[in-house]
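Participant: Build me a model from this:
(chains A and B)
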Amino acid sequence: MAIKADIKKKLGDFSLHVKLESDCRRIGILGASGCGKSMTLKCIAGSEKPDEGQIVIDGRTMYDSATKCNWKPQKRNVGYLFQNYALFPTMSVKANIAAGLKCGKEEKAEKVERMLHRFQLDGLGERLPGELSGGQQQRVALARIMVYEPDVIMLDEPFSALDAFLKERLQQEMQELLAEYEGNVILVSHSRDEIYQLCEELLIMDQGKDICYGKTKEIFANPEHKEAARLTGCKNLVPVMRLDAHTLEIPQWGTMLSLEHEISEDISYIGLRAHDFVPCWEEERPVNSIAVQVNSIARLQFEHKYFLATQQEGAEEICWFVQRNEWPLYEEKGLPRWLIIPEEKLLLLKE
Amino acid sequence: MEEIMEILQNLNWSPLFISLKTGVVATIISFFLGIFAARKVLKAGPRLKAVADGILTLPMVLPPTVMGFFLLLLFSRRRPLGIFLYDNFNIKIVQSWTGCIIAATVIAFPLMYRNARAAFEQVDVNLIYAGRTLGMSDTAIFWKVTVPTAGPGVVSGTILTFARALGEYGATSMLAGNIPGKTSTISQKIAMVIQDGDYATAGVWVVIVMLIAFVIIFLMNLVTGGNMKNIKQW
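Facilitator: Numbers count the residues shown, from 1 in each chain, chains lettered A, B, ... in the order given. A predicted model of the protein is given here:
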């Protein structure tokens, strides 16, 4: 099943331009709030009309500005799971699931019954959505989509309205429920963990533009773009000056990096995840290191977060996280003098 | 006391039935027209929306006699529409019960329209999007999802519309006149007997109207404020 979307849309000052082409089954769209993720989904579902572009799902052209083709959402066979689930509040669970079905009464009842069972909703069929828990509501919403057998299911921040405990359980549940589903899934989220767990391929968006697309694991390992690095959870992002093919200067951190790897000319930022610093207690400053000057410490249950001073006024503090199993080392030896920036963990980023 | 009993025994109840009949018919017409108009206006673009909304709300804002004047201009048998209706369909609007209904409908319609629109505006637009992606037709979504979800607002609008239609006086007296047994509604009856100085009969009708009003308010609270017990006290 292949999806091809090229969407241009202007909304006041905001302009959206996204290109997506994939034949992968599980696609994630990651981006900050207001970057146009939901708008992209709504365009694919047909709830919103792009100004320009093309949307092709499985060889069927649903929207094409060149030929003035624009299918109604009813015809697109696309399931949409809304953030608030959008269950019809005056209808029972059964009526909700049967809402879009077009078949005989008996067949309808049988299909609904099968869905109730599959989504562990047995005995809840007569209830109203308001009488269900958040998790049950989500299952009803999924059942309502699945019974309709869509070619594509789109999940619009499905876990963002839930508390942390429920969130983890439902993510697991969603993974199992989606495993049986043959069609495409597009998951939109601002949470990197959800995407990492559920999606094989990843599109990262920033301010209405797609900035990178590829295999989820590869992007997390090497984001290449500054915004992609930020969205995949990289805490330390600083501008750098490329001095030559193997040397970078980091003015904010007051240090130089000399790398074995060749540095391409468009590198303007580096990123380093907060766990990836290597501590050093030597007197003499090692290469590729920064001096440790602690501004503040946040002591959490499973890790300590150190916020270190930089060499320039107004620059963002350096984040260095130490996990619980490493604490005894620091109790014995005290704080390190230096933090080494290991080349194999360093992210070289374009803007 | 005896005097009141005597009035009650000899009372001609026709104004009550005329009022109720007019109210019910006008409410039914307003109900469908109001919902239809609300739906159209919500779907319209911003500029058309402003214009249509103004026109549809006007009868509520203008004095009823002004509306009566417009209606007379429109339906008078010396005017094109009035002539057309009478010549082709033998329908007389002026000085007839049909006139009562038209006057009451025109005056009460904005209440239905505005309440329905406000109620629909509160409905989460995602419900409509969800219905569409599930393959439901727009008409099905409207009647199965939007209207029931907006239910309390629609019902209270309907009750207010009925109340307004029931008590219509100004436009009705101008368009339909005050023909006993035919177009003489309770409101017109009260005005008439007071002009005659018959305060006792007027009082009896006033009590009847107040009873109806209480029933209406009770019904409204039952529907919209069903959870009044749960509302926090200020």
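
Participant: hey, let's count contacts and neighbours off CA atoms from now on
Facilitator: Fine.

Participant: residues of stretch B:51-62 that come out buried?
Facilitator: Neighbour counts over stretch B:51-62 (16 or more other Cα atoms under 10 Å in any protein chain shown) mark B:Ala52, B:Asp53, B:Leu56, B:Thr57, B:Pro59 as buried.

Participant: ugh, wrong one, I meant stretch B:190-209
Facilitator: B:Ile190, B:Val193, B:Thr201, B:Ala202, B:Val204, B:Trp205, B:Val209.

Participant: Which residue comes closest to the residue lying farthest from the centre of chain A once chain neighbours are left out?
Facilitator: When distances to the mean C-alpha position of chain A are computed (Cα atoms, centre = their mean), the maximum falls on A:Glu283, with 42.2 Å. Counting by Cα to Cα, 6 or more residues apart in numbering or on different chains, A:Glu283 lies nearest to A:Arg337, which is 7.5 Å off, once chain neighbours are set aside.

Participant: what's the burial count for that neighbour?
Facilitator: Neighbour count for A:Arg337, taken as other Cα atoms under 10 Å in any protein chain shown: 17.

Participant: Could you double-check that it lies in contact with A:Pro286?
Facilitator: No. At 10.2 Å, A:Arg337 does not count as touching A:Pro286 under the criterion of Cα atoms under 8 Å.

Participant: Once you drop chain neighbours, what's closest to A:Glu157?
Facilitator: Leaving out its chain neighbours, the residue that sits closest to A:Glu157 by Cα to Cα, 6+ apart is A:Ser189, at 4.8 Å.

Participant: Quick check: bridge partners of the one you found?
Facilitator: Judged by DSSP bridges, the bridge partners of A:Ser189 are A:Leu30.

Participant: neighbours around it, how many?
Facilitator: Counted with other Cα under 10 Å, the neighbours of A:Ser189 add up to 23.

Participant: B:Met1 now?
Facilitator: Applying other Cα under 10 Å, we find 6 residues neighbouring B:Met1.

Participant: Let me see the contact set for it.
Facilitator: The contact partners of B:Met1, by Cα atoms under 8 Å, 6 or more residues apart in numbering or on different chains, come to none.

Participant: Now with 10 Å, please.
Facilitator: Residues counted as contacts of B:Met1 (Cα atoms under 10 Å, 6 or more residues apart in numbering or on different chains) are B:Ile7.

Participant: quick one: it from chain A, how far?
Facilitator: In this view, B:Met1 and chain A are 52 Å apart by Cα to the nearest Cα, to the nearest Å.

Participant: And the pLDDT for that residue?
Facilitator: We have a pLDDT of 71 for B:Met1.

Participant: So in chain B, where's the weakest helix or strand by average pLDDT?
Facilitator: Of all helical and strand segments in chain B, the minimum by mean pLDDT, DSSP states H and E falls on helix B:2-10, at a mean of 74.

Participant: tell me what it is packed against?
Facilitator: Secondary-structure packing of helix B:2-10 (3 or more Cα pairs under 10 Å, 6 or more residues apart in numbering or on different chains; DSSP states H and E): helix B:199-224.

Participant: Output the contacting helices and strands for the helix it packs on.
Facilitator: In terms of contacts (3+ Cα pairs under 10 Å, 6+ apart), helix B:199-224 is packed against helix B:2-10, helix B:14-43, helix B:151-167, helix B:186-195.

Participant: and it with helix B:151-167, angle?
Facilitator: On the basis of axes from the mean of the first three to the mean of the last three Cα atoms, to 10 degrees, helix B:199-224 is oriented at 170 degrees to helix B:151-167.

Participant: Report the contact partners of the closest residue to B:Ser96 other than its chain neighbours.
Facilitator: Of all residues not flanking B:Ser96 in the chain, B:Ala176 sits nearest, at 5.3 Å (Cα to Cα, 6+ apart). Listed by Cα under 10 Å, 6+ apart, the contact partners of B:Ala176 are B:68, B:72, B:93-103, B:182-184.

Participant: mind redoing it with 7 Å?
Facilitator: Counting by Cα atoms under 7 Å, 6 or more residues apart in numbering or on different chains, B:Ala176 touches B:Val94, B:Gln95, B:Ser96, B:Trp97, B:Gly99, B:Cys100, B:Thr183.

Participant: For chain A, what is the nearest residue in chain B?
Facilitator: Per Cα to the nearest Cα, B:Gly135 is where chain B lies closest to chain A, at 4.0 Å.

Participant: ok, that residue - contacts?
Facilitator: By Cα under 7 Å, 6+ apart, the contact list for B:Gly135 reads A:Gln74, A:Lys75, A:Gly100.

Participant: What of A:Lys215?
Facilitator: Contacts of A:Lys215 (Cα under 7 Å, 6+ apart): A:Glu200, A:Glu201, A:Leu202.

Participant: make it 10 Å
Facilitator: A:Lys215 neighbours (Cα under 10 Å, 6+ apart): A:Cys24, A:Ile27, A:Gly28, A:Cys199, A:Glu200, A:Glu201, A:Leu202, A:Leu203.

Participant: same check, this time on A:Val112
Facilitator: When contacts are counted by Cα under 10 Å, 6+ apart, A:Val112 touches A:93-98, A:101, A:106, A:118, A:125, A:143-144, A:147.

Participant: Check those residues against B:Ala119 and report the nearest one.
Facilitator: Nearest to B:Ala119 among these is A:Asn96, at 21.3 Å by Cα to Cα.

Participant: Please settle this for me: is the closest one part of a strand?
Facilitator: No. Per DSSP: H, G, I helix; E, B strand; the rest coil, A:Asn96 lies outside any strand segment and is helix.

Participant: Relative to A:Ser189, how far out is it?
Facilitator: Counting by Cα to Cα, to the nearest Å, the separation of A:Asn96 from A:Ser189 is 25 Å.

Participant: cool, B:Thr65 as well?
Facilitator: B:Thr65 is 59 Å from A:Ser189, by Cα to Cα.
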